[in-house]
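Asker: below are the sequence and a predicted model for it; my questions follow.
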Amino acid sequence: MRSGFRQRLLSPQGVVTVLAAGVLLLAVVLAPLVWGHDATATAVADRVRGPGGDHPFGTDDLGRDVLARVLVATRLSVLLALGSTTIAVLGGTVLGVVATVLPRPVRRLVTALIDILLSFPWLLLTLFFSVIWGASASGAMLAVGFAGVPTVARLTYTLSSSVSGRDYVRAARIVGVGHAGVIVRHVIPNILPPLLVNTAAHASAALLSFAGLSFLGLGVQAPGYDWGRLLREGIARIYVNPMAALGPGIAIILTGLILNSLGSLTGETASRTSPGPKARRARAIRRAPERPESAAVVEVEDLRVSFPGPDGGLVERVRGVRFSILPGETVGIVGASGSGKSVTAMAIAGLLGAEARISAGALRFQDIDMTSPPTPAESGRLGLEVAVVFQDPLTSLNPSLTIERQLTEVSEVHDRVPRKESRRRAREVLESVGIAEPDRRARQYPHELSGGMRQRAMLGMGLMGRPRLIIADEPTTALDVTVQRQVLRVLHEARRRTGSAILFISHDIALVSGFCDRVLVMKDGEIVEEVAAARLEEAGHPYTRALVACVPHMATDRSRPLPVIDEGEIAEEART
Ligand SMILES: Nc1ncnc2c1ncn2[C@@H]1O[C@H](COP(=O)(O)OP(=O)(O)OP(=O)(O)O)[C@@H](O)[C@H]1O
């Protein structure tokens, strides 16, 4: 993993970038000490000289060495650019990340404000702010910094919104990780690479803006000087000594290039490094009250889920769904894409976003009423007792955390299990889900595992708790048939060992009927039929019969095309 970074570092671009950054750093640190005297010593007899042996860039109108002044100005120019970049990046990142977890109306307000500010050109904003803070070095630093906040905030908001919709963030929420934990552990490590690249690009733009402000007389004031100020002084003498203007100009361009190259190098690095700070939080867990063994794990009565439609109204996607799941039972939901299978399952797990409007006669997991937001203790229990395995193994796991870290999160957050113990347990669980060499695999990142292993690792996350319900949302769709079987076997084994119930979602009625005890058939947001898996052939609803008819069997005539589901025919048949 890190060899990729080494390769990049050892590439011609990497070597040149590192050497150039080293020279720049030396200039920042040493130039004022080494050339400080030459930069300020006046020699009236030598004033306004062109480039020559003693003065490679010539002299200014007080006879001071221009090259020495350009070198000495490196410190102030770079530090001011970095200062304003820090303001922009810190302010923008905090605003962008926090905006993603704000309630919808406030979030809209904040993003609208960011968009309005973005519609003004950066330079215009900078000039506006520099008028507020006055023509000084610190005023210009604040102006350039604050003018950059909206750009960084927009980028951060877009990046973190896309990450916070990922399955592994949803999984972390199930585990009960709060907003701060999700941001620190899951969002920031995954938006860091593009942010770092952007920071470097921002630093080089800030350097330019600073030079611009000083050039206009709004930045660094005499007797101080940065490259922008030197440029301003040099322009006046450009026909006598072009190097007086070109010198600081070249310094600005070279430094901008170094910052940009560092950005791409660092961006690549960040995507391959392990996570940043580790937030740890444990919650008091209220143990589940004793319940009779036969009581349903899941109870759903007249569940309706709506989402805002394109015209602003609500569109009902799940309509009057009703079913229950007993302990240890395996229930399958089949149906066409968009029929509401996932929405139903996510409603049970409490994982629908804030935009979903849920109403139900009853929506209960164990004794937890899922129609209202869970209390902290209930969240803790949900984290331990509901396991979710999503369809896409690549988005199900956080790419910036090792497998072990993702598994131990559950027990550390909820069970206050010491790190060493939860690591031991993680290895046990990995072994139990059929992952060979659990020690080695635990230390790897998701991309180093095969698709089937990632699915099993995801199931392992659920098994780190005390699952009463495993929701498997199309867990095998992306896998080949052999791996599908392994994953199903592991699911089956997990159910046997833990006594957990399974809600298994799939398009594939053959798979569901082979794996589940009972099948719910969904169509257009409704359960049109509930049937024992063994009696699917006797299904009464035309849609179920059509689904079953599409599955080839030993007696299927292979010379003829498989039947196609005809919606019109089914509707007609259902009416009669
Ligand atoms: N957050 C959301 N906002 C708006 N509409 C949504 C949202 N989530 C789901 N829907 C809509 O609800 C309907 C049911 O979606 P759901 O994901 O449950 O389908 P599904 O049966 O699981 O399909 P698939 O098998 O393709 O995953 C779809 O029309 C989908 O577009």
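Answerer: Thanks, I have the structure now. Numbers count the residues shown, from 1 in each chain.

Asker: get me the contact residues on the protein for the ligand.
Answerer: Counting by CB under 6 Å from any ligand atom, the chain comes close to the ligand at 307, 317, 335, 337-343, 353, 355, 507. For every residue, glycine as well, the C-beta is placed using N, CA and C.

Asker: how about JSON lines for these, with neighbour count added?
Answerer: Below are the residues of the chain next to the ligand laid out as JSON lines (neighbours: other CB atoms under 10 Å):
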{"residue": "F307", "neighbour count": "15"}
{"residue": "R317", "neighbour count": "19"}
{"residue": "G335", "neighbour count": "25"}
{"residue": "S337", "neighbour count": "7"}
{"residue": "G338", "neighbour count": "12"}
{"residue": "S339", "neighbour count": "23"}
{"residue": "G340", "neighbour count": "24"}
{"residue": "K341", "neighbour count": "24"}
{"residue": "S342", "neighbour count": "21"}
{"residue": "V343", "neighbour count": "22"}
{"residue": "G353", "neighbour count": "11"}
{"residue": "E355", "neighbour count": "10"}
{"residue": "H507", "neighbour count": "15"}
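
Asker: secondary structure element holding the nearest residue to I183 once chain neighbours are set aside?
Answerer: Of all residues not flanking I183 in the chain, V97 sits nearest, at 5.6 Å (CB to CB, 6 or more residues apart in numbering). Taking DSSP states H and E as the definition, V97 sits inside helix 66-101.

Asker: out of the residues of the chain next to the ligand, who's nearest L326?
Answerer: Using CB to CB, K341 is the member of the residues of the chain next to the ligand that lies nearest L326, at 19.7 Å.

Asker: who are the contact partners of the closest one?
Answerer: I333, V334, G335, D473, I505, M522 (CB atoms under 8 Å, 6 or more residues apart in numbering).

Asker: go ahead and confirm the residue nearest to I183 touches S160.
Answerer: Yes. Applying CB atoms under 8 Å as the test, V97 and S160 come out as touching, 5.1 Å apart.

Asker: where do the contact lists of these two overlap?
Answerer: Common neighbours of V97 and S160, using CB under 8 Å, 6+ apart, are I183, V187.

Asker: show me where this protein has its strands.
Answerer: Applying DSSP state E to the chain gives strands spanning 298-308, 314-325, 330-335, 357-359, 362-365, 368-369, 386-389, 469-473, 501-506, 518-523, 526-532.

Asker: just say which of the ones you listed is most tucked in.
Answerer: Highest mean neighbour count among those (mean count of other CB atoms under 10 Å): strand 386-389, with a mean of 28.

Asker: partner strands of it, parallel or antiparallel?
Answerer: Strand 386-389 pairs in its sheet with strand 469-473 (parallel), by DSSP bridges.

Asker: between the partner strand and strand 330-335, how many degrees?
Answerer: Using axes from the mean of the first three to the mean of the last three CA atoms, to 10 degrees, the inter-axis angle of strand 469-473 relative to strand 330-335 is 30 degrees.

Asker: closest to the ligand among the contacts of K341?
Answerer: Lowest distance from the ligand to the contacts of K341 (CB to the nearest ligand atom) belongs to G335, with 5.5 Å.

Asker: just send the strands of the chain back as JSON lines, with mean pLDDT too.
Answerer: Formatted as JSON lines, the strands of the chain follow (pLDDT from 0 to 100):
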{"stretch": "strand 298-308", "mean pLDDT": "93"}
{"stretch": "strand 314-325", "mean pLDDT": "92"}
{"stretch": "strand 330-335", "mean pLDDT": "91"}
{"stretch": "strand 357-359", "mean pLDDT": "91"}
{"stretch": "strand 362-365", "mean pLDDT": "92"}
{"stretch": "strand 368-369", "mean pLDDT": "90"}
{"stretch": "strand 386-389", "mean pLDDT": "87"}
{"stretch": "strand 469-473", "mean pLDDT": "92"}
{"stretch": "strand 501-506", "mean pLDDT": "92"}
{"stretch": "strand 518-523", "mean pLDDT": "90"}
{"stretch": "strand 526-532", "mean pLDDT": "88"}
